[in-house]
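S.K.: predicted coordinates and the sequence they were generated for:
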Amino acid sequence: MVKLTPSLVAVALCVALSGCNPAEQQDPQVIINTNPYPSTYHALPNATTLLKNAIVLTGTGERVDNADVLIKDGKISAVGQQLPAEGAVVIDAKGKWITPGIIDVHSHLGVYPSPNAESHNDGNEMTNPVTAEVWAEHSVWPQDPGFNRAREGGITTLQILPGSANLIGGRGVTLKNIPATTTQAMKFPQAPYGLKMACGENPKNLYGGRNELPMTRMGNMAGYRTAFIQATEYKRAWDKYNADYAAGKNPIAPERDLMKDTLKGVLEGDILIHNHCYKAEEMAMMIDLGKEFGYHAGTFHHAVEAYKIADLLAENGNCAAMWPDWWGFKLEAYDMVLENVAMVDAVKNSCAIVHSDSGVTIQRLNQETAKIMHAANYSGFEITEQHAIAWITANAAKSLGISDKTGSLEVGKNADVVIWNTNPFNVYAQAEKVFIDGAKVFDRHDAAYQAQSDFMLGQQ
């Protein structure tokens, strides 16, 4: 008879009662790198700068007349009157207006650049209804002259999105609009990725024309749901793997899938949805789709019928990025009103945005906003400059998940600032000076701050 020591008795009881085993020898844990193409952005050289005597729209609903803006260490240091200027470069902006840098949440610069040549058309991977595995940043051409033209219009930040041919078209990327030779050097540090989705006519017409699903709007919904069902199972497999590994086991890691990696990021709240969607009933269904799978439906782009569900958008915390007057070019864009943005904005807790989706109108997004102000005020709204500026600054920053860093002239935020020669909502308004993180990146009166793309050098 073998006599068991107390320690062996404990082990035997553990095995018998709970099935526990001594710790397994673990292989190295498999960890997905969620940021394999990190930003290499560095702020350009800047100096302490005092902008004096301007009319300032802060982006927070305030207008301050005869005001100063102090920029220090690339941040907004103070906004007020008669600020001290010790050691600062002083710019007298008397008679001029100052706003936060303009943010465009919907651009295709760099992926559909100028010149519009077939070899440059890199914004739409039209090979499968779901291409969540593609990333717009891998197509961006930083030498697109459109970036410079946009900067001349006061654009300091912009999101580059894939096109809208697919149900799920891939990741967008948020860029700082500085002259650069690589996309990574433009990437906005810590800005979350966006995922481009699309409702309605574009995906169903393209794939229906190929006799593939989706051919109908119900096919669209089935496609989204199928993709997120797969992503849910993929996330569950990785969650189990990580939990088992943390418990001391030696599990086999799930097989990597780039498409599902992105959708998993959506389910975990790390990647924000940006949805090309025109019609009210489809936006409502996309909100319900998000609730079905436990993610937020994000921002609706174009949103021609957003005014019909303004209360629903506000209740669910959805932003709507809209044009002032584009409609009627296809049936789903038919039922538009000029007051669309103002009607969305009128609801408490709303998030109305003006976007471009154009290499031309991005150059004058301030005047696109002015169109809405005029139409809305003509119809009885009372929209002021200090309120409307948020549609292209603070609200846009909220949509992109960067409102803690930019979008308003608040102390501690990045000094992304535009000096305008007059009221920015005037038809004659021009950006005179543009600053990104306190560094001057454009000056209408100084050729040294008028960057040109390498492609344009020597062109006549």
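M.R.: Yep, it's here. Residues are numbered from 1 along each chain as shown.
S.K.: low-confidence ranges in this structure?
M.R.: 1-23, 460 (pLDDT under 70).
S.K.: go again with 80.
M.R.: Low-confidence segments of the chain (pLDDT under 80): 1-24, 458-460.
S.K.: middle-most residue in it, spatially?
M.R.: residue 400 (3.5 Å; CA atoms, centre = their mean).
S.K.: just checking, that one touches residue 158?
M.R.: No: using CB atoms under 8 Å, residue 400 is not in contact with residue 158, being 9.3 Å away. For the C-beta atoms, the positions are set from N, CA and C on the backbone; glycine is no exception.
S.K.: and the next helix or strand past the longest helix along the chain?
M.R.: Counting residues, the longest helix found in the chain (DSSP state H) is helix 217-246. Downstream of helix 217-246, the next assigned helix or strand under DSSP states H and E is helix 258-267.
S.K.: ok, then the element right after that next one?
M.R.: strand 272-277.
S.K.: how far does that following strand sit from its chain's centre?
M.R.: How far strand 272-277 lies from its chain's middle: 10 Å, per CA atoms, centre = their mean, to the nearest Å.
S.K.: picking up where we left off before, list the residues that contact both of residue 400 and residue 158?
M.R.: Here residue 400 and residue 158 have 103, 105, 174 as joint contacts, going by CB atoms under 8 Å, 6 or more residues apart in numbering.
S.K.: got these as TSV, with neighbour count, secondary structure and distance to residue 138 columns?
M.R.: Listed next are the shared contacts of residue 400 and residue 158 as TSV, based on neighbours: other CB atoms under 10 Å; DSSP: H, G, I helix; E, B strand; the rest coil; distance: CB to CB, whole Å:
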residue	neighbour count	secondary structure	distance to residue 138
103	32	strand	23
105	28	strand	20
174	26	strand	15
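S.K.: any idea how many residues pack against residue 24?
M.R.: 13 (other CB atoms under 10 Å).
S.K.: shouldn't residue 441 be within a helix?
M.R.: No: Residue 441 is assigned strand when assessed by DSSP: H, G, I helix; E, B strand; the rest coil, not a helix.
S.K.: dump the residue contacts of it.
M.R.: Applying CB under 8 Å, 6+ apart, the residues contacting residue 441 are 44, 151, 156, 177-179, 434-435, 449, 451.
S.K.: ok, so of these, who is nearest residue 352?
M.R.: residue 156 (20.0 Å; CB to CB).
S.K.: and that closest one, backbone torsions?
M.R.: phi -110, psi -20 (degrees, to the nearest 10).
S.K.: from residue 343, how far off is the residue nearest to it when sequence neighbours are not counted?
M.R.: Ranked by CB to CB, 6 or more residues apart in numbering and with sequence neighbours excluded, the top spatial neighbour of residue 156 is residue 101, at 2.8 Å. Distance, residue 101 to residue 343, by CB to CB, to the nearest Å: 27 Å.
S.K.: who has more neighbours, those two?
M.R.: The neighbour count for residue 101 versus residue 343, taken as other CB under 10 Å, is higher for residue 101 (29 against 19).
S.K.: do you know how far that one is from residue 420?
M.R.: 12 Å.
S.K.: ok so, going back, so of the contacts of residue 441, which ones are in helices?
M.R.: Checking those against DSSP H, those in helices are residue 151.
S.K.: closest to residue 200 out of the contacts of residue 441?
M.R.: For the contacts of residue 441, the nearest to residue 200 is residue 177 (30.2 Å; CB to CB).
S.K.: need phi/psi at that closest one.
M.R.: phi -90, psi 70.
S.K.: quick one: the strands in the stretch 301-450 of the chain?
M.R.: Taking DSSP state E, counting those that start in this stretch as the test, the strands found in the stretch 301-450 of the chain are 319-322, 352-354, 417-420, 431-436, 439-443.
S.K.: what is the shortest one packed up against?
M.R.: Think strand 352-354. The helices and strands touching strand 352-354, judged by 3 or more CB pairs under 8 Å, 6 or more residues apart in numbering; DSSP states H and E, are strand 319-322, helix 340-345, helix 365-378, helix 394-400.
S.K.: will you turn the ones you listed into TSV that also has distance to residue 243?
M.R.: Converted to TSV, the helices and strands packed on strand 352-354 look like this (distance: least, CB to CB, whole Å):
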stretch	distance to residue 243
strand 319-322	35
helix 340-345	42
helix 365-378	47
helix 394-400	32
